[in-house]
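A.B. asks: Predicted structure and sequence below. I'll ask about it afterward.
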Amino acid sequence: MITFLQNDEEPYLQFEAAWCLSEIPNGENRQNEDVVRNHVISCLIKLIKCPIQEIAEQAAITIGILAEDSLQYQNMTLRLGGMETLLLIINTTSNKNISKKGMWAISRLCGSRRPLLHLEHLEIAIPTLAKAIQRETDLEIVTDAACVLYHIITEGNDVQKIVEANILPSLVSYLRAVNINLRTYCIRILARITSRNPTQTNLALNEPNFLPNIFSLIKHNKVSIRKDALSVISNIMAGTSEQIKVVVNNSDYFNLLLHQATSEVPSIQREACGALLIAIQEGHPEQIFQMVQNGILKPFLESLDSEDPMSIGVSLMGISCILNRGAHFAENNNFSENPFLKDLVEVNGIEEIKKLQESHPDLNVRRKALDILEKFRIS
């Protein structure tokens, strides 16, 4: 088989040999070891540059299949220059099929395996991936490129390189893509870009459709999409007061977030309440007052009826944080009482917390409820 793969005078045999080798993942361990011992990977990398389109495509496909099957093959391909060869072909060919198969193979070189041991070989692909996301019309190629960028940005520290590649406008526009996988990769890349970096978050916020697209996704029927959108919103809420303001001061956005915080889906409820909790922790006093006036206590209290102890725990943390901010405000301004404690009493929140402390079956919930009652001297 290896002899056929190396026989440049018999292209048909080279093609058939490359195709047969793509079945290796279904074989025995001994056959897998033969792949390593007989330098099959280096032969396939060489064939990617074959001028015969069918052979080049099949070589790329086989490399992708082998890399996806085995971390050993994946890292061997990267070490032997497979990434550089695939990038060269993608960047120089005018043949759409070869570009598609090459980008598919690169996406399999990342795959879902952890860790990516040769991350430096993946990072050299950023310019080519960015170009595909910006200019490519074939959504399969765009999706594979976004997949690779997602893995690179998740595993590495080159967030700034990806931002500097000027792909933010394209990522934002693809948040409305029909292809769910493409949407998912783009929103997760944006979540990484906006994570604890106010400067990069500002770049995203400066994109005209960024917030409208993100908030449209928290109404999506697919739970994972909604969770990813809420993670981006949490990042915004963890930013500067000006960044928090873009959500808090927009009644449509804020009400959408409040609505998600009362979702019947526990994971969505927790994500939304978590975003609100971060806003309370990071916001200025006037923003806290504004959020309380706009009804932030309501979803926290409604979530206390949840059957999910984790959701209740997040809501109790939110209520505690609001009362804590109110206590500091009262102390700093010589107020006789906590301004937010009164708001909690008016919506019957104290009674709900007492019920949890007295009778909830989960010990952690009872403890958190008791902490609130004791800390703020609620009798």
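C.D. replies: Alright, I've got the coordinates. Residues are numbered from 1 along each chain as shown.
A.B. asks: pLDDT of the lengthiest helix in the chain, averaged?
C.D. replies: The residue-count maximum for a helix in the chain (DSSP state H) belongs to helix 309-332. What helix 309-332 shows for mean pLDDT is 93.
A.B. asks: Determine the angle, from 0 to 180 degrees, between the helix or strand following it and helix 309-332.
C.D. replies: Once the chain leaves helix 309-332, the next helix or strand it forms, by DSSP states H and E, is helix 339-346. Helix 339-346 and helix 309-332 meet at an angle of 130 degrees, taking axes from the mean of the first three to the mean of the last three C-alpha atoms, to 10 degrees as the criterion.
A.B. asks: Enumerate the positions of helix 339-346 that are buried.
C.D. replies: Neighbour-count burial for helix 339-346 flags 339-341, 343-344 (criterion: 16 or more other C-beta atoms under 10 Å). Heads up, the C-betas are built off the backbone N, CA and C, glycines and all.
A.B. asks: where along the stretch 101-250 of the chain do the helices fall?
C.D. replies: 119-123, 126-135, 139-155, 159-164, 168-173, 180-193, 198-205, 210-217, 223-237, 241-248 (DSSP state H, counting those that start in this stretch).
A.B. asks: Including distance to L66 and mean neighbour count, could those helices go into a markdown table?
C.D. replies: As requested, the helices of the stretch 101-250 of the chain are exported to a markdown table (distance: least, C-beta to C-beta, whole Å; neighbours: other C-beta atoms under 10 Å):
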| stretch | distance to L66 | mean neighbour count |
| --- | --- | --- |
| helix 119-123 | 16 | 17 |
| helix 126-135 | 21 | 19 |
| helix 139-155 | 17 | 22 |
| helix 159-164 | 27 | 16 |
| helix 168-173 | 30 | 18 |
| helix 180-193 | 22 | 22 |
| helix 198-205 | 36 | 17 |
| helix 210-217 | 36 | 20 |
| helix 223-237 | 29 | 22 |
| helix 241-248 | 45 | 17 |
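A.B. asks: out of those, nearest to S320?
C.D. replies: The closest of the helices of the stretch 101-250 of the chain to S320 is helix 223-237. By C-beta to C-beta, the value is 17.3 Å.
A.B. asks: Between helix 241-248 and the closest one, find me the angle.
C.D. replies: Using the same axes, to 10 degrees: helix 223-237 against helix 241-248 is 140 degrees.
A.B. asks: pLDDT (mean, whole number) over stretch 174-187?
C.D. replies: 95.
A.B. asks: In terms of secondary structure, what does the longest helix of the chain contact?
C.D. replies: Based on contacts counted as 3 or more C-beta pairs under 8 Å, 6 or more residues apart in numbering; DSSP states H and E, the elements that helix 309-332 packs against are helix 266-282, helix 285-293, helix 297-302, helix 339-346, helix 349-359, helix 363-375.
A.B. asks: between those helices, which gets nearest to Y253?
C.D. replies: helix 266-282 (11.0 Å).
A.B. asks: Return the distance of that closest one from the chain's centre.
C.D. replies: In terms of C-alpha atoms, centre = their mean, to the nearest Å, the centre of helix 266-282 is found 17 Å from the chain centre.
A.B. asks: Residues in contact with that helix: which ones?
C.D. replies: With contacts defined as C-beta atoms under 8 Å, 6 or more residues apart in numbering, helix 266-282 is touched by 218, 223, 226-227, 230-231, 233-234, 237-239, 241, 244, 247-248, 257-258, 260-263, 287-288, 291, 296, 299-300, 303, 306-308, 310-311, 314-315, 317-318, 321-322, 325.
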